[in-house]
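**Q** With the input below, show me the fold.
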Amino acid sequence: MRVDRTEAHIACFIFTNDQRQGFAREGCQALVRHLFTGYGVARIIAEMDTHNQASVRLTQSLGFEQVALTPGADHFKGRTSDEFRYELNNHA
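**A** Okay, here's the model as predicted:
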């Protein structure tokens, strides 16, 4: 997490044995609440590889909206990958 009082960038990682149990959703929901109410940030940003469908579904389920697609954003495991940018705005 990186916070500058106007926006925060978040990311999460769940080990394989702990995936699909709701831990990422529960943790991210709590983090979103805390960033909006505790830190008063205006926007939360999440970026992910377009192939990471679990992260895409999680991010969308939390109310984030896709705002950008960056082709060739990263090079990982011998291939170039694209990246989605999602944002969630504080409407308080």
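**Q** Gln60 - that's part of a strand, no?
**A** No - in this structure, Gln60 is helix, not part of a strand, as judged by DSSP: H, G, I helix; E, B strand; the rest coil.
**Q** What confidence value was assigned to it?
**A** Listed pLDDT for Gln60 reads 96.
**Q** same deal with Tyr86?
**A** Reported pLDDT for Tyr86: 96.
**Q** tell me which element it is part of?
**A** According to DSSP states H and E, Tyr86 maps onto strand 79-89.
**Q** wait, what's in contact with Glu47?
**A** For Glu47, the contact set (C-beta atoms under 8 Å, 6 or more residues apart in numbering) comprises His9, Ala11, Ala73, Glu83, Phe84, Arg85, Tyr86. For the C-beta atoms, the positions are set from N, CA and C on the backbone; glycine is no exception.
**Q** Near the last one, how many other residues are there?
**A** To tie it back to what came earlier, the one meant is Tyr86. Tyr86 has 22 neighbouring residues, counting by other C-beta atoms under 10 Å.
**Q** What's opposite it in the beta bridge?
**A** Counting by DSSP bridges, Tyr86 is bridged to Ala46, Gln66.
**Q** Please tell me I have it right and it contacts Ser61.
**A** No - the pair Tyr86 / Ser61 is not scored as a contact, 11.2 Å apart, by C-beta atoms under 8 Å.
**Q** Just the helices from this protein, written as ranges.
**A** In the chain, the segments counted as helices under DSSP state H are 23-37, 53-61.
**Q** Please consider this matter closed, and thank you.
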